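Student: give me the fold of what follows.
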Amino acid sequence: MITYKDSGVDKKEGYRAIDLIKSKVAETHNENVLTGLGSFASLYALKDYKNPVLVSGTDGVGTKLALAFQKKVYNTVGQDCFAMCANDILCQGAKPLFFLDYLACGKLDAEVSSQLVIGMAEACKEADCSLVGGETAEMPGFYKDGDYDMAGFCVGVVEQDRIINGSSVDEGDIILALSSNGVHSNGFSLVRKLLEEANDDFEGEPVYKELLKPTKVYVSSILPVLDQFPGEIHGMAHITGGGLPENLPRTIPEGLCARLDKSAVPVLPIFRYLQKKGVPEKEMWGTFNMGVGFVLIVNPDKEKKISRALADAGESVHVLGKMIKGKEKICLK
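Tutor: Below you'll find the predicted structure:
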């Protein structure tokens, strides 16, 4: 007799994983969540919107997972997974409503998988977003024992007349940067190639501790500012893989150029550390966030008030430059 467990799939471990996460997941739910864990699908009621538009995004953590599993640090990459999705839909002015996750592994370890999901749940709670469901796929023979992959899917909402898509970006608008708190979740294939040893010293600590800082979630600081200054924030960009050169142009109309002062970018020490290992400067700027996690393009008449509101919300705010006429969408000098 051959059982499912004999083939490498342990259903009991899956049930144990659910038991370990269900209380944390339940803490993210509000009155709009109409189902609990275990349903075939999740139900979420939309309330108090006049003309709602749903905004969705999906992303993963990439090869940062390899470093996290090497060092047995699991909860921070859970926050990474949520942040990568939530920050993306925030760029359209959307409030994240609910989040779902997907975990895949060769052999399920309930202690490990629960830490991944608890990290997501804690990030969701910070952003007032409900973790409503997910899927854990145990696939022996496809993934090696100890291998995990992870992705997330986030749905948010914005009133149709409050959508931010860059169409109102204009000449003279001011470009504001919100600092990142590290490498976030991009460029780790290059990071791992550069590192000889994850325990190498960086400012008195093993460098992996700096690298595994989770991606900053900007939702709770930016949404109130959008409400406070309706129509005054014309474009937003989440600075992920490809850095400023590839992400900022996504919110800039044709015929306009973001003229940025590179010396105004709050470059973090970890990027100087990585560059010294032999990465050309252009490659650094085209791969990493370099210290800028999120960008807002704002009405110049409101820039000082918006900057002050963001600073009051706990953000480190920097003026990077302004919008000018031009064929190139970005000029970084």
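Student: elements contacting whatever helix or strand residue 104 lives in?
Tutor: Using DSSP states H and E, residue 104 sits within strand 95-105. Here strand 95-105 touches helix 75-90, helix 110-126, strand 130-138, strand 148-159, helix 219-228, going by 3 or more CB pairs under 8 Å, 6 or more residues apart in numbering; DSSP states H and E. In this view, the C-beta of every residue, glycine as well, is placed from N, C-alpha and C.
Student: domain assignment for this protein?
Tutor: Domain segmentation of the chain under automatic domain parsing yields 5-162, 174-332.
Student: okay, how far is it across the last one, tip to tip?
Tutor: Across domain 174-332, the terminal residues are separated by 15 Å (CA to CA, to the nearest Å).
Student: how far does it sit from the chain's center?
Tutor: Mean C-alpha position of domain 174-332 versus that of the full chain (CA atoms, centre = their mean, to the nearest Å) differs by 12 Å.
Student: distance of the most centrally placed residue in the chain relative to residue 60?
Tutor: Taking CA atoms, centre = their mean, the centroid of the chain lies closest to residue 84, which sits 2.1 Å from it. The gap separating residue 84 from residue 60 is 7 Å, by CB to CB, to the nearest Å.
Student: who touches both of these two?
Tutor: Common neighbours of residue 84 and residue 60, counting by CB atoms under 8 Å, 6 or more residues apart in numbering, are residue 152.
Student: the strands in this protein, which residues?
Tutor: 52-60, 95-105, 130-138, 148-159, 174-179, 201-202, 205-206, 233-238, 256-260, 292-298, 317-325, 330-332 (DSSP state E).
Student: list the contacts for residue 322?
Tutor: 172, 173, 174, 175, 258, 259, 300.
Student: possible to save these as CSV with pLDDT?
Tutor: Below are these laid out as CSV (pLDDT from 0 to 100):
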residue, pLDDT
172, 98
173, 98
174, 98
175, 98
258, 98
259, 98
300, 98
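Student: as a markdown table, these with neighbour count and distance to residue 128 would be great.
Tutor: Putting these into a markdown table (neighbours: other CB atoms under 10 Å; distance: CB to CB, whole Å) gives the following:
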| residue | neighbour count | distance to residue 128 |
| --- | --- | --- |
| 172 | 11 | 34 |
| 173 | 25 | 29 |
| 174 | 21 | 28 |
| 175 | 27 | 28 |
| 258 | 28 | 31 |
| 259 | 17 | 36 |
| 300 | 14 | 31 |
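Student: can you lay out those residues as JSON lines showing distance to residue 116?
Tutor: Formatted as JSON lines, the contacts of residue 322 follow (distance: CB to CB, whole Å):
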{"residue": "172", "distance to residue 116": "45"}
{"residue": "173", "distance to residue 116": "40"}
{"residue": "174", "distance to residue 116": "39"}
{"residue": "175", "distance to residue 116": "35"}
{"residue": "258", "distance to residue 116": "36"}
{"residue": "259", "distance to residue 116": "41"}
{"residue": "300", "distance to residue 116": "43"}
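Student: and those residues, which is closest to residue 143?
Tutor: Among the contacts of residue 322, residue 258 lies closest to residue 143 (CB to CB), at 41.4 Å.
Student: what sits against that closest one?
Tutor: 175, 248, 249, 252, 297, 320, 321, 322, 323, 329, 330, 331.
Student: so what's it bridging to?
Tutor: Legend: beta-bridge partners of residue 258 under DSSP bridges are residue 323, residue 330.
Student: what about it, distance to residue 233?
Tutor: 15 Å.
Student: what's the answer for residue 331, then?
Tutor: 22 Å.
Student: looking at the two, which is more packed in?
Tutor: Taking neighbours as other CB atoms under 10 Å, residue 331 and residue 233 compare with residue 233 leading, 22 against 14.
Student: beta-bridge partners for the more buried one, please?
Tutor: Going by DSSP bridges, residue 233 forms beta bridges with residue 298.
Student: these two touch, right, it and residue 163?
Tutor: No: using CB atoms under 8 Å, residue 233 is not in contact with residue 163, being 11.6 Å away.
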